[in-house]
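1. Sequence first, predicted model second:
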Amino acid sequence: MSHRKLEPGKLVVASHNKGKLREINELLQSYGFEVVSAGDLGLPEPEETGTTFEANAEIKAVASATAANLPALADDSGFCVAELNGDPGIYSARWAGPDKDFAMAMRTVEEKLQSAGAMTPERRRGSFVAVLCLAWPDGHKEFFRGEVDGQIVWPPRGTQGFGYDPVFQPDGHERTFGEMTSDEKHGWGPDTPALSHRSRAFELFAKACLKG
């Protein structure tokens, strides 16, 4: 499938989540875009009524692209726990409540795992999933999905990340995302493969839409 190239210029990041905005800005910084957020433009957060990461990413990207008449990049991501049938998944932010209390959300995950008797490593598996949707004002859309598997730890460790990062230890590593710097969490560079779900999705996006 051929992809449409995105030329440097103004690009809307269709998010109001400060953690996501920071990471996406870090990933975009070497590509010469003038990045503005949906919040910078005063755009409201659309209701995420989709039942998949792809659907919710599309809702956000299309809303911003249409309102701003500019290309827009949206991320929908979540924490998926195998023992909990993939929950919280697309509802990861909602588990934190209106106050975005992720300490409470992580505690809820742990309480559910303990209630299920999931105390052995093989029953404490999880993954982070991120889907990027790039939408143009003319209706064209591109999707890129990244996933990373790992172990769910307790108690939470580290304060570097956001969301569920402190309870997720990616496979092949001894530290949680919450204990890693942004560069370590991204992992993506000239000599290293992408590590986080978001950087894995971004790598696919960059290869398809940003490089000649």
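-> Arrived safely.

2. by contact count, what packs against the helix or strand R200 falls within?
-> Using DSSP states H and E, R200 sits in helix 197-205. Helix 197-205 is packed against helix 18-28, strand 72-81, strand 125-135, strand 141-152, helix 182-186, with contacts defined by 3 or more Cβ pairs under 8 Å, 6 or more residues apart in numbering; DSSP states H and E. From N, CA and C alone the C-beta is placed, and that goes for glycine too.

3. What is the last one packed up against?
-> Which is helix 182-186. Packed against helix 182-186, as judged by 3+ Cβ pairs under 8 Å, 6+ apart, are the following elements: helix 18-28, helix 197-205.

4. Give me whichever of the ones you listed is most buried.
-> Among those, ranked by average contacts under mean count of other Cβ atoms under 10 Å, first place goes to helix 197-205 (a mean of 23).

5. which residues touch that one?
-> The contact list for helix 197-205 (Cβ atoms under 8 Å, 6 or more residues apart in numbering) reads 20, 23-24, 27, 73, 75, 77, 127-132, 134, 142, 144-148, 185-188, 194.

6. what angle separates it from strand 141-152?
-> Angle between the axes of helix 197-205 and strand 141-152 is 150 degrees (criterion: axes from the mean of the first three to the mean of the last three Cα atoms, to 10 degrees).

7. Between strand 72-81 and helix 197-205, find me the angle.
-> For helix 197-205 against strand 72-81, the angle between stretch directions is 140 degrees (the same axes, to 10 degrees).

8. Return the distance of helix 197-205 from the chain's centre.
-> Distance of helix 197-205 from its chain centroid, counting by Cα atoms, centre = their mean, to the nearest Å, is 9 Å.

9. Ok, stretch 137-155 next?
-> 5 Å.

10. ok, longest helix in the chain?
-> Counting by DSSP state H, the longest helix found in the chain is helix 53-68.

11. Run through who's touching that helix.
-> So helix 53-68 is contacted by 12, 14-15, 38, 41, 43, 45-50, 70-78, 90, 129-137, 139, 141, 143, 145 (Cβ under 8 Å, 6+ apart).

12. go again using 6 Å as the cut-off
-> With contact meaning Cβ atoms under 6 Å, 6 or more residues apart in numbering, helix 53-68 is reached by 12, 14, 38, 41, 43, 46, 48, 50, 72, 74, 76, 129, 131, 133, 135, 137, 143.

13. Would you mind listing which of those are buried?
-> By neighbour count, with 16 or more other Cβ atoms under 10 Å, these hold 12, 14, 38, 43, 46, 48, 72, 74, 76, 129, 131, 133, 135, 143 as buried.

14. For the fifth one, give me the backbone phi and psi.
-> Read that as P46. phi -70, psi 150 (degrees, to the nearest 10).

15. which non-adjacent residue is nearest it?
-> Nearest residue to P46 in three dimensions, chain neighbours excluded: A63, at 4.3 Å (Cβ to Cβ, 6 or more residues apart in numbering).
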